[in-house]
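Peer 1: Quick one, what's the 3D model for this:
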Amino acid sequence: MAQRTTTSSTIPDALKNFDSLPDAANVRQPVVQALFGCSSATVWRMVKRGTLPKPRKLSERLTAWNVGELRKVLSS
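Peer 2: Just a heads-up that it's a prediction; the model follows:
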């Protein structure tokens, strides 16, 4: 019988320190998923519905959400 290994999911530092980040900071998708407790697909569905702000394209392969905009959504 094969052994199942348990991998502990690591909490991104940006999530641990989210409250201390400035509103102008940007966070990546894993932080957004953890903040809202949802999957990657749900994050993009929420963006499409307009319940989450659109992310910013910082480079060709880097997309991030503005912390200030996420705080507004979390507080409403």
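Peer 1: And the pLDDT at the residue nearest to the spatial centre of the chain?
Peer 2: Centroid check for the chain by C-alpha atoms, centre = their mean gives V32 as the closest residue, at 1.4 Å. With respect to pLDDT, V32 has a value of 95.
Peer 1: Please identify which helix or strand holds it.
Peer 2: Using DSSP states H and E, V32 sits in helix 29-36.
Peer 1: mind listing what's buried in that helix?
Peer 2: Under the neighbour-count criterion of 16 or more other C-beta atoms under 10 Å, helix 29-36 has P30, V31, V32, Q33, A34, L35, F36 buried. Every C-beta, even on glycine, is put in place using the N, C-alpha and C of the backbone.
Peer 1: contacts for that helix?
Peer 2: Contact partners of helix 29-36, identified using C-beta atoms under 8 Å, 6 or more residues apart in numbering, comprise 11-12, 14-15, 18, 39-40, 42-43, 46, 52, 55, 63, 65, 70, 74.
Peer 1: Which of these lies at the shortest distance from A25?
Peer 2: Set against A25, the nearest of the contacts of helix 29-36 by C-beta to C-beta is A14 (7.9 Å).
Peer 1: Please list all residues in contact with the closest one.
Peer 2: Going by C-beta under 8 Å, 6+ apart, A14 touches L21, A25, V27, R28, V31.
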